[in-house]
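Enquirer: With the sequence up front, the predicted model follows.
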Amino acid sequence: MRMAGRTRFAALWTAVALVLGGCAVIAPEPPVSPQVRTPAEAVAVIAVDDPVALAAATSAALFASSPIVVLTGPQTVPEAEETAVGLGVPLLLAGGPEVSAELDRLGATTVLAVGEVTTEPAGRRIVDDPDALPPVTVPVPQPSLLVLTTDGASAAAGTARAAGARVETVTDPDPRVAAPTGLDPRPEHVLALGSAFGTPEVLAGRLDVAARGATLPGGGQVLFPGRRMVALYGHPGVPALGVLGEQDVAASVARAKALAAEYDAVSDVPVVPAFELIATIADSGPGPDGDYSSEATVEFLRPWVDAAREAGVYVLLDLQPGRTDFLTQAQRYTELLAQPHVGLALDPEWRLGPDQRPLQQIGSVDVDEVNAVITWLADLTRENALPQKLLMIHQFRLSMIAGRERLDTSRDELAVLLHADGFGTPDLKFATWAALHEGAPAGVAWGWKNFYDEDTPTFTPAQTMAIEPEPPVFVSYQ
C-alpha cells in the first residue's frame with residue numbers, strides 16, 4: 001500500500017513537471033561558512049620556513065574550521081590564491097603529512113584542486129571546477145590583524161588574505177630596518193610568517209621601536225651594518241684626556257663633523273660623527289665615595305648631549321669606574337641613556353680591585369659584570385622603545401676581560417662592540433688587533449682608535465679603512 005501510494009505521488013509530480021515545461025525545481029545548497037580566528041597573542045610568529053608546513057600552520061592559526069579548502073602545487077600558487085581569496089577559504093600546498101592533518105582539523109569535506117595536484121586527499125570530495133562548489137560565506141575583513149611576510153606570493157600569504165587579514169610583504173624581517181606601513185595605526189594583532197622574524201618577544205620589541213619612529217643619527221633604527229661612526233674622544237675642558245676637550249661644545253661638533261667627512265670617500269657606508277665623552281674619570285685620589293673615580297654630573301654633560309642630538313652626532317658615555325662597578329656608574333646616567341642617540345662605553349683598563357689605584361696597573365673586569373650592564377642597558381632600551389643602542393668595550397689586552405668568550409651578544413636591543421685602543425707603531429697595533437680577534441665572541445662589531453700623539457704615525461682614513469679582515473665600524477681619535 002505504501003509503495004503504491006509513493007508510485008502514484010511520483011507519477012503526479014512527473015506530470016506537474018511536464019506541465020511546467022519539463023523544468024525540475026531543485027532546492028539550492030545551503031551556503032557553507034568558514035570560521036576565521038585571530039591569534040590569542042598580540043604578536044605571534046610562525047617560525048616555519050618549509051612552504052608546505054608554513055601554509056598548513058598559517059591555516060591553523062587563522063581558520064577554526066572550513067568545509068572547503070583550495071589545494072594547489074608550487075607552480076600554480078597565484079591562480080590558486082585568487083580562487084581561495086575569492087571563496088574566503090584556506091589555501092594549502094600539496095605534499096607532506098601536515099596537509100592531511102590540517103584537512104582533518106578544519107573538518108574539510110570538499111577540496112578544490114587548482115593546477116597539477118599529485119596528492120589526492122582520501123575520504124573527501126575532490127573537484128577541479130569552482131562552479132561545482134556550494135555557495136560560501138566569505139569571511140569579513142579583519143583590519144585589526146596584520147600579517148607580515150617576506151614572500152607575498154606564498155600559499156601562506158594567500159591563506160592570510162583569504163581570512164580577511166591585512167597582509168604586508170616586507171623587504172626586511174626586522175621592522176626597525178624597514179617599518180611596515182601597516183603599523184599606522186598599530187593593529188591589535190600581528191602575525192609574522194617565517195623564522196626570519198625572530199621570536200615573538202624579539203619581534204614585539206622591534207615593532208614597538210618601529211611604531212614609535214625614533215631614529216639614530218644618520219637615520220634608521222639599527223646601528224650596523226649600514227653606517228660607520230668616527231668619534232672625538234675626551235672630557236670637556238680637559239685637553240690632556242683627549243681631543244674632545246680641546247675646544248668648546250660648538251667647536252667640537254664642527255670638528256667631529258669635519259673628521260667624519262674625511263672618511264666619506266673611503267667608506268662603503270655612510271659616516272656618522274660621534275662623541276666618546278668620558279663621563280667618569282679614574283682619579284688618583286679616593287674621592288668622597290672612596291672609589292677612585294670622579295663622576296661628572298648629568299647637568300654637566302647635558303649641554304654636550306643636547307648639542308650632539310641637534311647636530312646629528314652620536315654620543316657614547318665612557319666609564320672609568322675605579323673601584324666601583326660598571327653597572328653602578330652606568331645607572332647614574334639613566335636619564336641620558338634613555339635618549340635615542342646616546343650609547344655606553346666601558347673601559348676595563350680603569351676597573352680596579354679593592355686595593356688597586358689608577359696608573360699602577362692595567363685594570364680588568366669579569367665578563368659577568370659586563371653582562372649585567374648589557375642586560376640593564378638592553379632592558380632600558382626596550383622599555384623606552386629606543387633604536388638599537390651601542391655598548392662598546394675597550395680592550396687592548398686579553399686579560400682585561402676575564403671570561404670574554406661568555407660575552408652576551410644575544411640582546412637584539414644592543415650592538416656590542418669590542419674597541420681595540422692600543423697605540424704605537426703599525427706593527428704593534430696590528431698585533432693587538434689580531435690577538436683580540438682570535439677567539440672573539442660571535443656577534444661582536446669592531447672598533448679602532450687612532451692616537452694623534454702616541455701613534456707613530458697616525459693612520460690616515462684610507463689606511464684605517466684598509467684594516468683586515470674587515471675595517472672597523474667605529475673609529476675614535478684621541
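Expert: Cool, got the structure. These numbers come from a predicted model, not from an experiment. Numbering: from 1, shown residues only.
Enquirer: I'd like the mean pLDDT over the helix or strand harbouring residue 233, please.
Expert: Assigned by DSSP states H and E, residue 233 belongs to strand 228-234. The average of the pLDDT scores along strand 228-234 is 98.
Enquirer: Work out the gap between the helix or strand following that strand and the centre of the chain.
Expert: Beyond strand 228-234 on the C-terminal side, the first helix or strand identified by DSSP H and E is helix 249-261. The chain centre lies 31 Å from the centre of helix 249-261; the measure is CA atoms, centre = their mean, to the nearest Å.
Enquirer: Contacts for helix 249-261 next, please.
Expert: Helix 249-261 is contacted from outside by 229-232, 236, 243-244, 247, 271-275, 303-304, 307-308, 311, 313, 477, using CB atoms under 8 Å, 6 or more residues apart in numbering. For glycine as for every other residue, the C-beta is placed from the backbone atoms N, C-alpha and C.
Enquirer: Buried only: go through these for me.
Expert: Neighbour-count burial (16 or more other CB atoms under 10 Å) is assigned, among those, to 229-232, 236, 243-244, 247, 271-275, 304, 307-308, 311, 313, 477.
Enquirer: which one is the residue nearest the centre of the chain nearest to, not counting chain neighbours?
Expert: Geometric centre of the chain, nearest residue: residue 174, 3.8 Å, by CA atoms, centre = their mean. Distances taken as CB to CB, 6 or more residues apart in numbering put residue 206 closest to residue 174, at 5.8 Å, once the chain neighbours are dropped.
Enquirer: Please give the element, helix or strand, for residue 204.
Expert: Here residue 204 sits within helix 200-212, counting by DSSP H and E.
Enquirer: which helices and strands does that helix pack with?
Expert: If you count contacts as 3 or more CB pairs under 8 Å, 6 or more residues apart in numbering; DSSP states H and E, helix 200-212 packs onto strand 43-46, strand 189-193.
Enquirer: Quickly compare these and say which is most buried.
Expert: strand 189-193 (a mean of 25; mean count of other CB atoms under 10 Å).
Enquirer: re earlier: and the helix holding residue 204, what's buried?
Expert: By 16+ other CB under 10 Å, the buried positions in helix 200-212 come out as 200, 202-210.
Enquirer: Okay, and residue 56 sits in which element?
Expert: Assigned by DSSP H and E, residue 56 belongs to helix 51-62.
Enquirer: Give me the buried positions along that helix.
Expert: Using 16+ other CB under 10 Å as the test for burial, helix 51-62 gives 51-62.
Enquirer: Distance to residue 354 and pLDDT added to those residues, as CSV?
Expert: What follows is the buried residues of helix 51-62, written out as CSV (distance: CB to CB, whole Å; pLDDT from 0 to 100):
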residue, distance to residue 354, pLDDT
51, 60, 96
52, 62, 96
53, 57, 97
54, 57, 98
55, 62, 98
56, 61, 97
57, 56, 98
58, 58, 98
59, 62, 98
60, 59, 98
61, 56, 98
62, 60, 98
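Enquirer: got the residues you listed as TSV, with distance to residue 373 columns?
Expert: Output for these, formatted as TSV (distance: CB to CB, whole Å):
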residue	distance to residue 373
51	42
52	45
53	40
54	39
55	44
56	44
57	39
58	40
59	45
60	42
61	38
62	42
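Enquirer: Moving C-terminal from the lengthiest strand in the chain, which element do we reach first?
Expert: Counting by DSSP state E, the longest strand found in the chain is strand 271-282. Sequence-wise, the next helix or strand downstream of strand 271-282 (DSSP H and E) is strand 293-295.
Enquirer: Paired strands for that next one, with orientation please.
Expert: Partners of strand 293-295 in the sheet, by DSSP bridges, are strand 271-282 (antiparallel).
Enquirer: Using PDB, list the CA coordinates for the strand it pairs with.
Expert: Output in PDB follows, covering the C-alpha atoms of strand 271-282 (Å, rounded to 0.1, in the frame of the first residue of the first chain):
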ATOM      1  CA  VAL A 271      79.700  58.000   8.100                       C
ATOM      2  CA  VAL A 272      78.200  59.500  11.300                       C
ATOM      3  CA  PRO A 273      80.100  61.800  13.600                       C
ATOM      4  CA  ALA A 274      80.300  60.900  17.200                       C
ATOM      5  CA  PHE A 275      81.500  62.000  20.700                       C
ATOM      6  CA  GLU A 276      83.100  59.500  23.000                       C
ATOM      7  CA  LEU A 277      82.500  61.500  26.100                       C
ATOM      8  CA  ILE A 278      84.400  60.400  29.300                       C
ATOM      9  CA  ALA A 279      81.700  60.600  31.900                       C
ATOM     10  CA  THR A 280      83.700  59.200  34.800                       C
ATOM     11  CA  ILE A 281      87.400  59.600  35.200                       C
ATOM     12  CA  ALA A 282      89.800  57.300  37.100                       C
END
